[in-house]
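Visitor: Model the following, please.
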Amino acid sequence: MNLDLKGKTALVCGASQGLGFAIAEALAEEGCKVGLLARNAAKLAGHVDAFSQRGLDAVALPADMGDWPGLERSLSEFGLPSILVNNSGGPPAIDVTSVDPDLWRQQFEIMVLNQMRLTECVLPAMRAAGFGRIINVSSMSVVEPIKGLAISNALRAALVNWMKTLSVEIARDGVTINTLLPGSFATERIEKMNAAAAEQRGVGVDQVVAETSAAIPIGRYGDPKEFGAVAAFLASPKSSYITGQMIRIDGGATRSV
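Guide: Next comes the predicted model:
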């Protein structure tokens, strides 16, 4: 399917690795000019070089999601995109009664406030053009809170509800907003989580991988490219009748309907 994305511009946050990188790559392969935004400048430069060798158009935008002036500079450098992918790294694992107020404030700025600000910055141009796509990378914890992830459970749900409210207000302007809820994907983050779990339990990483994979109805972790493909479709004109939705990409792992 031709997704009609050639010539579009896309700003992808958290694009140095994992699911953010998978989305950036998928959009570039469909013909978008992609702004890769993340903290790791060296990784971004490497991705841009690799994309260039494949004839793909990308720009490195080193910035921290917790630094609003830095995000503003990146947006000014890249220009207002027709596609925005909001994505931030996961917060530290912690029990709900153990979160220091300063940590709540810090993570709120990264995971909610600055993503709201980016969205508000790009919206006027999208509405004027009659086309825009805002995609939020969240977590299945929005519908099924995960033990030990108090910050993620709370703040991701806050952003999703703000985005849902906004999606209704702008639905007739050609701008859609949707949220992706990933399950377990074969990324650097899950490798670290599995290694930590293996060390804590005193077992091999292979055992942890086998057990967690078996708990997924499909029986395996997702390939990040599968995630990127769904995001690319939602970013395209082909998805114009889909807005305000949470789309689970989890191999059937979420128990609720």
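
Visitor: What lies in contact with the helix or strand bottoming out on mean pLDDT in the chain?
Guide: One helix or strand of the chain scores below all others by mean pLDDT, DSSP states H and E: helix 188-201, with a mean of 90. Contacts to helix 188-201, defined as Cβ atoms under 8 Å, 6 or more residues apart in numbering, come from residues 17-18, 89-90, 184, 204-205, 207-209, 212, 221. The way it works is simple: take the backbone N, C-alpha and C, and place the C-beta from them, glycine included.

Visitor: Restricted to strands, list those.
Guide: In strands, judged by DSSP state E, none of those are found.

Visitor: Could you identify the buried members of the residues you listed?
Guide: By neighbour count, with 16 or more other Cβ atoms under 10 Å, the contacts of helix 188-201 hold 17-18, 89-90, 184, 208-209, 212, 221 as buried.

Visitor: Give me the mean pLDDT for whichever helix in the chain runs longest.
Guide: Under DSSP state H, the helix in the chain containing the largest number of residues is helix 150-170. Over the span of helix 150-170, the pLDDT mean works out to 95.

Visitor: for stretch 95-105, same thing?
Guide: 87.

Visitor: Identify each buried residue in that stretch, please.
Guide: Using 16+ other Cβ under 10 Å as the burial criterion, the residues of stretch 95-105 that qualify are Val99.

Visitor: Quick check: nearest residue in space to Gly31, chain neighbours excluded?
Guide: Lys6 (3.1 Å; Cβ to Cβ, 6 or more residues apart in numbering).

Visitor: how many other residues sit next to the one you found?
Guide: If you count neighbours by other Cβ atoms under 10 Å, Lys6 ends up with 10.

Visitor: check contacts around it.
Guide: 30-32.

Visitor: What are the neighbouring residues in contact with Val160?
Guide: 136, 138, 142, 179, 246.

Visitor: confidence score at the residue located most distally from the centre of the chain?
Guide: Centroid-distance maximum for the chain: Gly202 at 32.2 Å, with Cα atoms, centre = their mean. For Gly202, the model assigns a pLDDT of 95.

Visitor: Just checking the distance from the longest helix of the chain to the centre of its chain.
Guide: 13 Å (Cα atoms, centre = their mean, to the nearest Å).

Visitor: Repeat that for stretch 85-103.
Guide: 16 Å.

Visitor: about what we covered before: out of the buried ones among the contacts of helix 188-201, the closest to Lys238 would be?
Guide: Closest approach to Lys238 among the buried ones among the contacts of helix 188-201 (Cβ to Cβ): Gly18, at 25.1 Å.

Visitor: Now the residue lying closest to the closest one once chain neighbours are set aside: phi and psi?
Guide: Distances taken as Cβ to Cβ, 6+ apart put Thr187 closest to Gly18, at 4.0 Å, once the chain neighbours are dropped. Main-chain dihedrals, Thr187, degrees, to the nearest 10: phi -130, psi 170.

Visitor: centre of the chain versus stretch 123-138, how much separation?
Guide: 15 Å.

Visitor: Buried residues in it, which are they?
Guide: Neighbour-count burial for stretch 123-138 flags 123, 126, 131-138 (criterion: 16+ other Cβ under 10 Å).

Visitor: Wait, a strand at Thr254?
Guide: No: remark: Thr254 does not belong to a strand; assigned using DSSP: H, G, I helix; E, B strand; the rest coil, it is coil.
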